[in-house]
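Engineer: Take this sequence and fold it.
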Amino acid sequence: MIHARAIALVCACIAANGVQAERMTREYKIDLDPAQFSPTNPDNDIRRIAAIAARAARDSGATLGDRREAIEHQTVRYYDVPHQCSLRDAGWVLRERIEGAKRELTLKLRRADRAAVIATTVEARGKKSRTKLEEDITPPDHVWLSRSATVDVDKTVALANAGEAVRIFPALSSLPASTRLAVVNDLSIEQTDVDLPRWRWAALKASPGMTLWATSPGQTFVVAEFSFRVTVPEGKESDTLDAAERLYAKLLTTLPRGADDGTKTAFIYRAGGRDFCR
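Structural biologist: A predicted model of the protein is given here:
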């Protein structure tokens with residue numbers, strides 16, 4: 001198995017006094033070849049890739065849900081300190097997503113020090129705030145633990161400096177309030193988010209999906225990703241992880257892979273070889 005470890009962390013984080021603190025999900029990610037998707041009408045290509053993944057799931061014993069895929073379109077931006085990238089260097093990701101009249105902000109902490117991520121409080125002030133502790137799996141053998149908070153905000157809320165960000169995300173309070181924030185590399189990503197029918201096994205439920213990125217509407221896709229998320233049922237940790245790992249190994253060999261196994265965030269910072277962090 002690729003990641004048959006840290007089972008206790010996947011199903012729950014245990015506080016110092018031995019009390020179960022929270023559950024955690026695991027998301028398996030695979031970079032796809034963006035050239036597989038038509039920039040002007042990707043729907044047929046999305047269904048073709050979804051069918052390949054569904055066959056792999058059925059071959060591994062899954063039952064598939066019968067609803068159609070749901071496709072959403074969003075604008076995505078990342079914020080950081082120009083010429084310093086203080087947030088990235090400290091393990092933070094500050095992201096904005098806009099879909100129609102809805103705007104949400106997410107602050108995510110991702111570090112190699114898993115204990116530090118678990119111990120750090122990441123909260124958001126505002127309406128409909130929610131938090132998540134998640135483990136991301138990417139090829140060939142990378143495991144990223146992250147904690148995040150997301151909140152809905154009005155489109156008039158500014159993010160021009162750290163003080164404005166801290167009013168929403170207190171975890172950023174170590175930054176001087178006057179620290180300037182800007183959109184990383186001035187990139188506004190046009191994101192296509194695809195929610196696919198769920199896969200079910202006796203010991204596992206998985207939520208698969210795809211994400212496509214273009215730098216402007218109708219342009220060639222620059223990032224394509226397939227993923228599936230699992231939540232481990234209490235008492236079925238071993239069976240669940242075994243099933244997920246077997247499926248992940250199969251998808252790695254059947255889906256049309258891209259050349260880049262990095263994260264979407266890494267793409268934002270290196271896009272076009274620009275000097276945002278210098």
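Engineer: and Ile46, what is it in contact with?
Structural biologist: For Ile46, the contact set (CB atoms under 8 Å, 6 or more residues apart in numbering) comprises 37, 69, 71, 194, 210, 212. The C-beta positions use only the backbone N, C-alpha and C, and glycine is treated the same way.
Engineer: Which secondary structure state is assigned to it?
Structural biologist: Recorded secondary structure, Ile46: helix (DSSP: H, G, I helix; E, B strand; the rest coil).
Engineer: any idea how far Thr263 is from it?
Structural biologist: As for Ile46, its distance to Thr263 is 21 Å (criterion: CB to CB, to the nearest Å).
Engineer: and Leu181, how many neighbours does it have?
Structural biologist: By other CB atoms under 10 Å, 22 other residues sit near Leu181.
Engineer: mind listing the helices for the stretch 151-278 of the chain?
Structural biologist: Here the stretch 151-278 of the chain has its helices, by DSSP state H, counting those that start in this stretch, at 162-166, 237-254, 264-270.
Engineer: Mind telling me which of those helices the model trusts least?
Structural biologist: Out of the helices of the stretch 151-278 of the chain, helix 237-254 stands lowest, with a mean of 85 (criterion: mean pLDDT).
Engineer: Which parts of that one count as buried, going by neighbours?
Structural biologist: Neighbour-count burial for helix 237-254 flags 237, 240-241, 243-245, 247-248, 250-251 (criterion: 16 or more other CB atoms under 10 Å).
Engineer: ok, so of these, who is nearest Ala50?
Structural biologist: Nearest to Ala50 among the buried residues of helix 237-254 is Leu251, at 11.7 Å by CB to CB.
Engineer: Can you verify my assumption that the closest one contacts Ala56?
Structural biologist: Yes: at 5.4 Å, Leu251 and Ala56 qualify as touching, with contact defined as CB atoms under 8 Å.
Engineer: shared neighbours, the two?
Structural biologist: Here Leu251 and Ala56 have no joint contacts, going by CB under 8 Å, 6+ apart.
Engineer: what pLDDT, on average, does the strand or helix carrying Val143 get?
Structural biologist: Take DSSP states H and E as the rule and Val143 turns out to sit in strand 142-152. Summarised as a single mean, pLDDT over strand 142-152 is 94.
Engineer: Using CSV, write down the CA coordinates of that strand.
Structural biologist: What follows is strand 142-152, C-alpha atoms only, in CSV (Å, rounded to 0.1, in the frame of the first residue of the first chain):
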residue,chain,number,x,y,z
HIS,A,142,3.5,12.8,-0.8
VAL,A,143,1.3,13.3,2.2
TRP,A,144,0.2,16.8,3.1
LEU,A,145,-1.7,17.5,6.3
SER,A,146,-3.7,20.7,6.3
ARG,A,147,-6.1,22.6,8.5
SER,A,148,-8.4,25.2,7.0
ALA,A,149,-11.2,27.6,7.8
THR,A,150,-13.6,29.0,5.2
VAL,A,151,-16.2,31.8,5.5
ASP,A,152,-18.7,33.5,3.2
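Engineer: buried sites along it?
Structural biologist: 143-151.
Engineer: cool, stretch 221-233 as well?
Structural biologist: Of all the residues in stretch 221-233, those buried under the rule 16+ other CB under 10 Å are 221-232.
Engineer: got it, and stretch 61-73?
Structural biologist: Buried-residue list, stretch 61-73, by 16+ other CB under 10 Å: Ala62.
Engineer: where's that stretch relative to the chain centroid, distance-wise?
Structural biologist: When C-alpha coordinates are averaged (CA atoms, centre = their mean, to the nearest Å), stretch 61-73 and its chain have centres 19 Å apart.
Engineer: In the stretch 1-150 of the chain, mark out all the helices, start to finish.
Structural biologist: Taking DSSP H, counting those that start in this stretch as the criterion, the stretch 1-150 of the chain carries its helices at 7-11, 43-59, 86-89, 114-119.
Engineer: Turn the ones you listed into a markdown table, columns for mean pLDDT and distance to Thr138.
Structural biologist: Putting the helices of the stretch 1-150 of the chain into a markdown table (pLDDT from 0 to 100; distance: least, CB to CB, whole Å) gives the following:
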| stretch | mean pLDDT | distance to Thr138 |
| --- | --- | --- |
| helix 7-11 | 43 | 16 |
| helix 43-59 | 95 | 17 |
| helix 86-89 | 96 | 17 |
| helix 114-119 | 93 | 16 |
